[in-house]
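> Compute the structure for the input listed below.
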Amino acid sequence: MTKKNLYDVLQVNRNADPETIRAAYKSLVQRYHPDKNPNNQDAEKHLKEINGAYEVLSDPVKRAGYDATLVESDDGVVTSNNQSKQSRASGRPKNDAPPNNKGAAKGLFAPMGLLAVFLLIAGGITYAITGEMGNLPLSLIWFGLLVLLLFFYTYFPEIREFITKRSTKYAFNTAVMSLVFFVIIALIAGMSVKYKVRVDLTQDNRYTLSAHTVKILKALKEDVEAIAFYRGDQRTRQAMSDLLSEYSYHSPKFSFRFVDPDRDPIETAKYEITSYRTTILKHGDKKEIVEGTESENRLTNSLLKLLSKDIKVFYFVSGHGEKRIDSKEENGYSYVKEAIERENHQVRDLALVNVEKVPEDAAVLVVSGPEADYLPSELDKITAFVRKGGRALFMVDPGGLPKIAGYLGGFGFELGNDLIFDKTSQVSGSSIAIPVVVQYDKNHPVTREFEQFTFFPFARSVHIKEDPAKGSYDLAKTSDKSWAVTSDIKKLTREDEEFNAGKHKRGPISVVAVTAVEVSLGDNKTKDIKAGAEQDSLKTWGKFLVVGDSDFASNKFMKAGNKDFLLNMLNWLAEEHVLISVRKKEPGLTPLLMTPVQGKTVFWLSVVIVPSLLLVTGLGITARRRRGA
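A predicted model of the protein is given here:
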């Protein structure tokens with residue numbers, strides 16, 4: 001009995017896809033269903049054949065096994081091997097055509113694909129090793145391409161069939177989407193290198209360069225190189241590398257490199273390096289050495305010393321009870337001196353009564369909280385200094401000193417005989433006699449970019465009529481919750497600690513003011529003999545900056561905002577505009593402060609309760625195991 005071809009049973013082509021076979025099966029089942037063909041044995045028999053055929057052809061494994069038993073004749077008729085054998089056994093005539101050897105011929109070309117890939121890879125590796133596209137790599141690549149082309153031509157039908165498969169389409173779509181995804185990731189990674197954005201969550205921004213350092217780096221006009229001498233396995237090398245990378249990121253003029261003293265002794269001896277963790281900053285023929293630290297402040301200060309062409313000298317007047325620059329007491333100015341010297345300036349004392357005039361090398365003259373009035377001759381020396389283009393900073397505390405107040409009044413300053421109270425300071429736990437400055441003039445270089453709070457303990461008001469043409473500004477003002485008590489400080493009462501609209505002046509109140517004094521160099525008019533014309537003489541400006549308090553810069557209050565504000569004022573007066581910025585805070589300890597109850601809770605939990613629970617648990621497990629044994 002001849003066995004029917006299963007594809008013929010389902011009336012589909014041998015190359016039909018699963019969807020076509022499923023659709024044909026459903027159609028035939030509906031046609032030969034017993035409900036539509038009652039009492040029809042032929043229909044029942046045919047339905048069994050249909051179910052049997054679909055069971056085989058719907059399963060990919062069974063279908064592949066069945067396809068292997070089929071034989072395709074030259075005229076396109078598909079029969080099974082069994083059927084072919086039966087026909088030969090029954091004496092049916094054989095096909096006289098020669099056997100089909102196409103499969104065997106194609107089989108000879110099967111290794112060509114692997115050979116082509118091998119030749120291409122070999123050519124690429126040869127080029128990578130030799131570094132030249134010579135005859136050998138070119139020949140390998142060319143023959144590889146030829147073999148690959150021959151392989152595609154020979155197996156084009158199979159390749160086309162493979163490409164048109166649904167699974168291939170899905171795989172291709174997946175590959176394309178994966179490639180697009182990786183391309184997007186690569187673009188994001190590339191952009192993140194050039195346009196990186198980081199957030200420093202530490203309280204003192206210890207992992208971010210300060211605005212002070214960034215401003216100095218952006219002002220670099222000539223190349224600066226940093227050479228860091230660190231061992232390759234040194235623990236602190238990465239910290240210095242991160243720090244120097246930040247410097248070079250903010251300025252293309254700043255570059256750095258590392259030298260391992262153990263591996264490069266010649267380079268180490270060239271710079272006379274005797275210890276690890278040493279960094280040298282080079283600028284032309286000048287160099288600065290930073291030893292044993294990865295501190296931004298130390299590195300920036302050394303950079304300033306390297307770049308400075310001249311050293312500015314700040315003179316602090318003494319002899320009238322002013323704050324002492326060498327005193328480490330709370331009301332001393334030793335921190336001021338250290339901060340100024342870190343920016344590559346010099347600080348000196350000056351007793352005006354002992355000199356004929358202010359020294360010629362004075363960049364800024366500082367009057368820091370005198371307790372006694374100045375002599376007229378001393379004030380005349382200050383005037384002569386300013387009228388020659390000098391700069392002076394007056395810090396005058398409340399009460400007394402009528403001569404100094406009158407002297408500054410001659411330049412337009414109004415020093416109030418008052419004391420400023422401020423309720424805002426109570427928020428931070430301070431006294432109301434320590435007003436908080438929250439408003440700064442945004443038109444002046446000193447305060448244009450300054451945003452920090454500053455504190456002025458026991459301050460008086462300082463005001464000047466604003467005139468931009470003369471450089472006159474009120475630079476810093478207290479909050480609107482402050483008020484000024486205009487009376488003798490010794491006569492203050494408890495009533496003055498509360499604002500009284502009838503007696504007190506409501507804030508904001510200015511505590512810092514500045515003005516410029518026009519200075520003519522030479523005579524007002526000079527005669528040009530050759531031209532026979534008169535020319536205006538060259539003009540420059542002397543500057544006065546007045547603060548209604550000197551304690552804000554004392555060791556006790558020389559912190560954060562106060563420190564930056566004072567240094568910005570001094571650097572502006574000294575015409576060091578690049579140094580007007582916010583400096584890096586020194587990293588310090590961040591202690592965890594706990595109440596007595598919190599301390600006892602931590603003690604009992606960590607020392608008593610948790611260890612005792614672990615001990616009891618261990619004893620219980622041990623006892624239970626022994627009982628079980």
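> hey, let's count contacts and neighbours off CA atoms from now on
Will do.
> The biggest strand by length in the chain: partners in the sheet, and parallel or antiparallel?
Counting residues, the longest strand in the chain under DSSP state E turns out to be strand 510-520. Strand pairing for strand 510-520, determined by DSSP bridges: strand 473-478 (antiparallel), strand 539-547 (antiparallel).
> These: which one's closest to residue 222?
Nearest to residue 222, of all these, is strand 539-547, at 28.9 Å by Cα to Cα.
> Run a quick check on residue 279 versus residue 237, I expect a contact.
No: between residue 279 and residue 237 there is no contact, the gap being 11.0 Å when judged by Cα atoms under 8 Å.
> quick one, which of the two is more surrounded?
residue 279 (25 against 18; other Cα atoms under 10 Å).
> where in the stretch 401-550 of the chain is pLDDT low?
Low-confidence segments of the stretch 401-550 of the chain (pLDDT under 70): 426-429, 487-490, 520-539.
> now the helices: where do they sit in it?
402-409 (DSSP state H, counting those that start in this stretch).
> Strands of the stretch 451-600 of the chain, start to end?
454-455, 462-464, 473-478, 482-485, 505-506, 510-520, 525-528, 533-536, 539-547 (DSSP state E, counting those that start in this stretch).
> and the longest helix for the chain?
Ranked by residue count and defined by DSSP state H, the top helix of the chain is helix 166-194.
> Tell me the helix or strand right after it.
Proceeding N to C from helix 166-194, the next assigned helix or strand is helix 211-218, under DSSP states H and E.
> Return the list of helices and strands in contact with that next one.
Helices and strands touching helix 211-218, by 3 or more Cα pairs under 8 Å, 6 or more residues apart in numbering; DSSP states H and E, are helix 237-250.
> Tell me what angle the helix or strand following the helix it packs on forms with helix 211-218.
Using DSSP H and E, the next helix or strand after helix 237-250 towards the C-terminus is strand 254-259. Counting by axes from the mean of the first three to the mean of the last three Cα atoms, to 10 degrees, strand 254-259 lies at 100 degrees to helix 211-218.
> Tell me where the stretch 201-350 of the chain is predicted with low confidence.
Looking at the stretch 201-350 of the chain by pLDDT under 70, you get 202-206.
> Mind doing that once more with 50?
For the stretch 201-350 of the chain, no stretch has pLDDT under 50.
> Tell me where it has helices.
Assigned by DSSP H, counting those that start in this stretch, the helices in the stretch 201-350 of the chain fall at 211-218, 237-250, 265-270, 296-307, 334-342.
> Select, out of those helices, the one closest to residue 9.
Evaluated with Cα to Cα, those place helix 237-250 nearest to residue 9, the distance being 76.1 Å.
> relative orientation of the closest one and helix 166-194 in degrees?
Orientation check (the same axes, to 10 degrees): helix 237-250 against helix 166-194 gives 80 degrees.
> buried residues in helix 237-250?
Neighbour-count burial for helix 237-250 flags 237, 240, 241, 243, 244, 246, 247, 248, 250 (criterion: 16 or more other Cα atoms under 10 Å).
> Roughly how far does the second one sit from residue 211?
Looking back up the chat, that one is residue 240. Using Cα to Cα, to the nearest Å, one gets 19 Å for the distance from residue 240 to residue 211.
> One more: residue 355?
Residue 355 is 40 Å from residue 211, by Cα to Cα.
> Let's verify residue 39: helix, strand, or coil?
Here residue 39 takes the coil state, with states given by DSSP: H, G, I helix; E, B strand; the rest coil.
> Report the separation between it and residue 163.
Residue 39 sits 48 Å away from residue 163, going by Cα to Cα.
> would JSON lines of the strands of the stretch 451-600 of the chain with mean neighbour count and distance to residue 303 be doable?
JSON lines is the format used below for those (neighbours: other Cα atoms under 10 Å; distance: least, Cα to Cα, whole Å):
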{"stretch": "strand 454-455", "mean neighbour count": "24", "distance to residue 303": "28"}
{"stretch": "strand 462-464", "mean neighbour count": "25", "distance to residue 303": "37"}
{"stretch": "strand 473-478", "mean neighbour count": "24", "distance to residue 303": "30"}
{"stretch": "strand 482-485", "mean neighbour count": "25", "distance to residue 303": "42"}
{"stretch": "strand 505-506", "mean neighbour count": "18", "distance to residue 303": "46"}
{"stretch": "strand 510-520", "mean neighbour count": "22", "distance to residue 303": "30"}
{"stretch": "strand 525-528", "mean neighbour count": "12", "distance to residue 303": "43"}
{"stretch": "strand 533-536", "mean neighbour count": "11", "distance to residue 303": "41"}
{"stretch": "strand 539-547", "mean neighbour count": "21", "distance to residue 303": "28"}
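> what distance separates the start and the end of stretch 148-159?
13 Å.
> Appreciated, that's everything.
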